[in-house]
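**Q** Sequence first, predicted model second:
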Amino acid sequence: MSAPSQNMPMAVSATRPKPLLLRHLPYFAGSAVIVALAATMQFDGYVHNILMQATTFAIAVFGLSVVLGLCGQINLAQAAFFGVGAYAVGLGTSDYHLSYWLCLGGGCVIALLAGALLGMSTLRLGGHYLAMVTISFQQIVTLVMINTIWLTHGPDGVARIGRPDLFQSSQSYLAFCVAMLALVGYVVWHLADTRLGRAMRAVRDNELAAGVVGIDVFRTKVFAFALSAVLGGLAGGLFAGGFAYVSPDQFSFAESVVFLTMSLLGGVASPIGSAIGTGLLILIPEWLRFLKSVPGLYLAIYGLSVILIVRYMPDGIWGFFRIATERWQAKAKVHAAGLALQLTPATIGGDIVLAVKGLAKHFGGLKAVDNVDIEVRRGGVHALIGPNGSGKTTTLNVLSGLYKATAGRVTLDGTDITEMPPHQRAAAGLGRTFQNIRLFRSMTALENVVIGAERPGNTLIGAGGDDALVKRAMSALAFVGLGGRANELISSFSYGHQRLIEIARALAANPTLLLLDEPAAGLNSSEKVELHALLKRIAAQGLTILIIDHDMTLVSEAAQHITVLNFGRRIADGESLAVLRHPDVVSAYLGTE
Amino acid sequence: MKLTRRDFTAGLAVGITAPYAIRSARAQAATLKIGMCVPVTGPAAEQGLWAQNGAKLALAAVNKAGGVLGKQVELVIEDDQTTNPGIVLAFSKLAAQPDIVAFLGSIRSTQVMAMAPDVLKLGKPVMIGGTNPDLTHMGNPWLFRFRPNDSYSGRVIADFGVNTLGKKKWAIVHSTDAFGTAGGKALSDALSKLGAPPVLDQGYANQSQDFTPVVLAVKQSGADVLGTYFTFENDLGIFARQLRQLGVTIPWVGSPSVVAVSSTKLAGPALYGTFGVADYAEESGDAPRAFGKSYRETYKTAPDIQSAWTYDAVTILSAAINKAGSTDPTKIREAILALKKFPGAEGEYNFDQNGDGLHGYNVVRNEKGMIVFDKHIEFND
Amino acid sequence: MACGKAINNRRPKILLPGISMDLALQLLFTGIGIGAVYALVALGFVLIFRATNVVNFAQGEFSMVAAYLMVVFAVDLGWPYWLSFLLALAGMALLGAIFNLGVYYPLRHRSFLPVIIATIGASILLSNSVLAIYGPQPQVLEGWFETPGIQLGPVYLDSQYLLIIAVTIVLVIFNYWFFEHTMLGKKLQATSQDKEMASLLGISVSTMIMITFIYSAVLGGLAGILVAPVLFVSIQMGSTIALKAFAATIIGGFGDVTGAIIGGLALGIIETFGAAYISVPYKDGFAFLVLVAFLVFRPQGIFGERVAEKA
């Protein structure tokens, strides 16, 4: 696994990427052509309206591809945000005679604030709660549109909505909307490969792991939600200008479901998919008029397709095609390994890297961890062992911030981290792996490790540019012996290799202390030997390890110091061999006879 | 279930014939075309079917009598999906066909509102059934209304209650949707003019499951007469039952939904003795009687307002084009506005300069489940 | 619009100025009645959530479908009411089973998001299939009793609401007995708490989930049949009730049967009094405002314990 050749420093031979804008030139050229077409081609009013609707809807659906596709959070109120933007432009231009641009901007800001507030109040809960809260928000917005007649004209709607002077004609306005679509599409497309985009994908794939590698999960979700809302608002503003009339029924819950379906159908994770889904769901109803002659039949088929898409095409049409075409594309082999991995754990505090004092975690009446003290010395391997249910994993979860301690103090390298959420602990220098591997499964090995390298507070990545991150990640992958397979998806790796990638992700972050949760679980004997060697090489670089494992051979050979827990309490602590011979430890493991 | 199958076949027939009609029309340019936006799909699909029935009945009569300007008249139907964006799309699709000379719009005011900018841009006459008074008062010369607008329904309800029933303490209950809000306002204004401002003016949201608070408010207000604008029959049914259960027995004069067939069926005895305004009442005159007879012969069922207004729209539009002797939009407009005392299924048409054809309503009564004609109230201003 | 100002002046006034005891009692009865309906549907939500950790967005459509089945059997075919009732519930059991096999079961190993979306799809499918078959006209279903209601002093008690309240009480007792004192109930409980453990104990998890779906479809159907004579039978009847029931579930605490009942009743009362004393048009808004308030300040609900994610 860790053949020395792969760990040799090698020059990066991968083709150096051209500047971003240059690489994406075809995109802009293509967009310019489409905008020009929209501005010059002769359409009749019907085609014009269809295009107008598709263009503005697609922007709103792009918003969903951010929040749902990238970040995995449901938003069933996109039509409400769309409506907020539409009403801002509608009321602003028709009643208050304000400039179109001011109204469009204002609509975006209101949508942004609404989205951010809604997100902040509920994104900690996630899941079903979020679904419900967004539905509630949607209903309240609809009620307000209908009932605050003095402001919104109620169900009559807003007529005579203005357009900017520059784009007075329908044709030029359409071209303007298409240009906005291209611009937003570019931003959304590119977002996935930025730090924020990676954080969103990490949150989507595995929220717990995202927190532990240093991503502020809550803030990332709020960003995603607010961005989605602002795109909804922008789309609504453009829509209002395009159709010159808006009314509350255009922004109902049913429309939110339509947006969601558009996003799912095309492929939730990509802007191209969103555009495909939007186009299809605007055109299909036009094609399937004959089905619509029986009220309900069309929507019934619509509902059935949603179920079928979710079941058989989880990545939508675009995802389906991409998977099909990927088979034909040769995988970009990475022949390059980065520089040898460098680990320079911070040494601010004294001799003790991790000090745990009187730690307790109670679940209701159950004392899973009770009054435990641990002191981990700098630069060694410290093992935490105990029989099943003794509280080891609970302790680790409290240490990494997944559980809140009931009592006690935890100090990492001189910093009190007791009250910190997981991502702040990561920033303070804590890294960890999980017993049941928690990788970001939709990403490549390299992307996983890049997210690790991005840990706030990592001093070894310079300014955090893409080049530095990739270099750092490559060297970490090479360190665990997987440098050659960096561009493969997680699913193509064996269980043992996934474990190594998880370790590489933690190492790339250059932590002060590495927590390993049963790293040997599920490994065969030769993999265990290799793991042992890896631990030695890590320790040789001066990184402190706190390991939990059942494998006594591994523990006794690797660890210099052992703490033993039983029934949530510490029953022994000290130098390895002495602890393992301690009568309480023997009886805890073998039972007293 | 019987109803359903009929709808299904009829709907299917429309779905199949509509595209065919468009295609065949291109082949023979000898027809004169009228576009029609109508809900073929969506919540009002069934009403849409009735609207088409009315229009087609009139069309058959016009064509039998020799057509318009010597040509046979043809309807080009486009689905408005019962939504506002839907009707904008449908109308733009029709407007793109230059040989369509005039259009039938929607019975829903918000839909007319939504298509109005495009109508103004196109500059061809559009017959509408939406009853929001504003529609013909917003400077759009191309909208012609074939139903009395809500200011008349409000005035008729007020006039009937105050002058015929002699009641002055009014409670108004109305839906907060477009129809209910506009109607409630018109009624309230009319009552104020008659010197009897309402003692209670209560809105409610559509699809409420319970009306106890509203009924108690009516009871508390001490009103001696009730005026209502309900949109959905099930809301009306729940309200009517709870009203009776909680012992409110004051006279009740309502918008057309109170005397609609479906409400009568849903609410049963709770609506006995109520009054409602109706733009179509078969017993109100000779022309309505004739329409009712011919509709029943063709479709084996009783007509209602959804088919009466489209019937009148096609009949009057055809007459106007014949009189104008041209399909020039301005000439058609002048011809429609010049129509006086034209007998239609809904009553006597006298177009004013705003494009409103009717200026009064029939008042009908629920006589133990049967709807009977009571009186017609007409205004001259 | 020209009329904007004029309408503004006649925005709905606050109803019922003085608080009268009689009126308050009448409102309380209605509130409890409508709340009991929410509670019945909420119960179905909770059962499925406890067994599968999934919110079934088609729960309201179960009620709607059952009401239409009643119309088919009792009105169109003219069969006896009790027979129609049993047949409708049997139909719901079948629907619950199909729903499990077609919507939930294939997705059971995926995250909650696809499952939520699939149940939304199922809700659209069910409501529009009924629309396609039956048309948009609301239907009438007679109640159980000949007498529409009784006057008790100042308060009028609608007999159908009395029945709904009674059924709710019986169901609370039944559920308690079923889950705490029968083997099947205990197995279901074990499954909902820890699937792995349950299967180690020899409980067939997939059977238990199947039973849960059937039971909650029947419960939802029962609610629909009971409420149909009051609200009429319409396509939208399910979705409006379900949204409120969902809110009730959150207020009561997810995964707690008693909570769902209390939440439903509380919501019914809040809504009715809110409509009477604050604003009728915003009635639906109260439910959602209360819901948001709960989510922000007490997400675990009145009774529930907050579910922590397992590491």
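**A** Everything's here; your move. Numbers count the residues shown, from 1 in each chain, chains lettered A, B, ... in the order given.

**Q** For the helix ranked longest in chain C, buried residues please.
**A** Of all the segments of type helix in chain C, defined by DSSP state H, the longest one is helix C:21-52. For helix C:21-52, a neighbour-count test (16 or more other C-beta atoms under 10 Å in any protein chain shown) marks C:23-24, C:26-27, C:29-52 as buried. Yep, even glycine has a C-beta here, placed from its N, CA and C like the rest.

**Q** how about that helix against chain B, any contact?
**A** Yes: contact of helix C:21-52 with chain B is found when judged by C-beta under 8 Å from any C-beta of the partner chain, involving C:23, C:26-27, C:30, C:34, C:37.

**Q** Which neighbouring elements make contact with that helix?
**A** Counting by 3 or more C-beta pairs under 8 Å, 6 or more residues apart in numbering or on different chains; DSSP states H and E, the packing neighbours recorded for helix C:21-52 are helix B:212-221, helix C:59-70, strand C:155-158, helix C:159-181, helix C:183-193, helix C:205-231, helix C:237-252, helix C:257-277.

**Q** Now distance to chain A, mean neighbour count and mean pLDDT too, for these, in a markdown table please.
**A** Listed next are the helices and strands packed on helix C:21-52 as a markdown table, based on distance: least, C-beta to the nearest C-beta, whole Å; neighbours: other C-beta atoms under 10 Å in any protein chain shown; pLDDT from 0 to 100:
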| stretch | distance to chain A | mean neighbour count | mean pLDDT |
| --- | --- | --- | --- |
| helix B:212-221 | 15 | 24 | 88 |
| helix C:59-70 | 10 | 28 | 93 |
| strand C:155-158 | 27 | 20 | 84 |
| helix C:159-181 | 19 | 16 | 88 |
| helix C:183-193 | 14 | 17 | 81 |
| helix C:205-231 | 15 | 24 | 90 |
| helix C:237-252 | 6 | 28 | 83 |
| helix C:257-277 | 13 | 24 | 86 |
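
**Q** neighbours around the residue nearest to A:Ala159 when sequence neighbours are not counted, how many?
**A** Of all residues not flanking A:Ala159 in the chain, A:Tyr245 sits nearest, at 5.0 Å (C-beta to C-beta, 6 or more residues apart in numbering or on different chains). Counted by other C-beta atoms under 10 Å in any protein chain shown, the residues lying close to A:Tyr245 total 24.

**Q** who's in contact with A:Tyr245?
**A** Contact criterion C-beta atoms under 8 Å, 6 or more residues apart in numbering or on different chains gives A:90, A:157-161, B:84, B:88, B:113-114, B:116-117 as the residues in contact with A:Tyr245.

**Q** How about B:His376: which residues does it bridge to?
**A** Counting by DSSP bridges, B:His376 forms beta bridges with B:Asn362.

**Q** Next, the contact list for it, please.
**A** For B:His376, the contacting residues are B:281, B:284, B:347, B:360-363, taking C-beta under 8 Å, 6+ apart as the criterion.

**Q** Of these, which is the nearest to chain A?
**A** If you rank these by distance to chain A using C-beta to the nearest C-beta, B:Tyr361 comes first, at 22.0 Å.

**Q** pLDDT score assigned to the closest one?
**A** Confidence per residue is given as pLDDT, and for B:Tyr361 that number is 88.

**Q** I'd like the distance between the residue nearest the centre of chain C and A:Ala476.
**A** When chain C is reduced to its mean C-alpha position, the closest residue under C-alpha atoms, centre = their mean turns out to be C:Val41, at 1.7 Å. Between C:Val41 and A:Ala476 the distance, using C-beta to C-beta, to the nearest Å, works out to 53 Å.

**Q** Give the helix, strand or coil label for A:Pro314.
**A** Three-state call for A:Pro314 (DSSP: H, G, I helix; E, B strand; the rest coil): coil.

**Q** List the residues that contact it.
**A** A:Pro314 sits next to C:110, C:114 when contact means C-beta under 8 Å, 6+ apart.

**Q** any idea how far it is from chain B?
**A** Look at A:Pro314 and chain B: by C-beta to the nearest C-beta, to the nearest Å, they are 30 Å apart.

**Q** Give me the phi and psi angles of the closest residue to chain A within the stretch 201-350 of chain B.
**A** Scanning the stretch 201-350 of chain B for proximity to chain A using C-beta to the nearest C-beta identifies B:Ala205 as nearest, at 7.1 Å. With angles defined as degrees, to the nearest 10, B:Ala205 shows backbone torsions of phi -90, psi 140.

**Q** Enumerate every residue touching it.
**A** Going by C-beta under 8 Å, 6+ apart, B:Ala205 touches A:143, A:146-147, B:175-176, C:280-284.

**Q** about what we covered before: relative to the whole chain's centre, how far out is the longest helix of chain C?
**A** Using C-alpha atoms, centre = their mean, to the nearest Å, the mean C-alpha position of helix C:21-52 is found 8 Å from that of the whole chain.

**Q** can you state the direction angle for that helix and helix C:59-70?
**A** Taking axes from the mean of the first three to the mean of the last three C-alpha atoms, to 10 degrees, one finds that helix C:21-52 is oriented at 110 degrees with respect to helix C:59-70.
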